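**Q** Here you go, sequence then predicted model.
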Amino acid sequence: MLDDVFDNFRKASESSLQMQQELFKQWTGAWMSAGSNASPVTPDGLQTFLRRWNDLLVDSMQRQRSALDALHASGIQVIEQTFRLTEARSPEDYRHRVEELWRKSFDAFRDHSEAQLRDFQKMIEKWAEMMPRS
């Protein structure tokens, strides 16, 4: 059972990475083609762009940090619950505790993945707003 879980986790991670790479390739291709047709950038325009880019990156890093903090807190709770499995009084109690542990682990993984996807979508929207218009 554990092998299936890890195999599915690996496949989901690979799929997510491939999607992000493909989206990034398409986005950078659009950026490059739009940049070749755009008008020259003024020093003030460049400063504005760099400031917005900096704000975007700082905001993104702060969201990633808070998401990782939440994931680590969930991991600590799972570890604590794992050590409490020995307190089970019957096989039924043990099964119930293990199921609850797995449910919480998968919920934490799902929540983290959804948060990453939402943040990625926000990032793409903001990048698109920053792209030069042709």
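**A** Sure thing, it's come through. All figures in this text were calculated on a predicted structure; none of them were measured in a lab. Numbering: from 1, shown residues only.
**Q** For residue 112, see how far away residue 106 is.
**A** 11 Å (CB to CB, to the nearest Å). C-betas here are computed from N, CA, C, even on glycine.
**Q** what about those two, which has more around it?
**A** residue 112 (15 against 12; other CB atoms under 10 Å).
**Q** list the contacts for that one?
**A** 67, 70, 71, 74 (CB atoms under 8 Å, 6 or more residues apart in numbering).
**Q** Not counting sequence-adjacent ones, nearest residue to the first one?
**A** Nearest non-adjacent residue to residue 67, counting by CB to CB, 6 or more residues apart in numbering: residue 115, 4.9 Å away.
**Q** Kindly tell me how buried the one you found is, as a neighbour count.
**A** 17.
**Q** separation between it and residue 53?
**A** Distance from residue 115 to residue 53, by CB to CB: 22 Å.
**Q** cool, residue 59 as well?
**A** Residue 59 is 11 Å from residue 53, by CB to CB.
**Q** buried stuff in stretch 83-96?
**A** Within stretch 83-96, no residue counts as buried by 16 or more other CB atoms under 10 Å.
**Q** if I look at residue 9, how far off is residue 92?
**A** From residue 9 over to residue 92 (counting by CB to CB), the distance is 28 Å.
**Q** Might you list the low-confidence residue ranges for this protein?
**A** Per-residue confidence for the chain (pLDDT under 70) gives these ranges: 1-2, 27-28, 30-41, 132-134.
**Q** Geometrically speaking, which residue is the centre of it?
**A** The centre of the chain sits closest to residue 116, judged by CA atoms, centre = their mean, with a distance of 2.3 Å.
**Q** what about the closest residue to that one other than its chain neighbours, neighbour count?
**A** Distances taken as CB to CB, 6+ apart put residue 67 closest to residue 116, at 6.8 Å, once the chain neighbours are dropped. Neighbourhood size, residue 67 [other CB under 10 Å]: 17.
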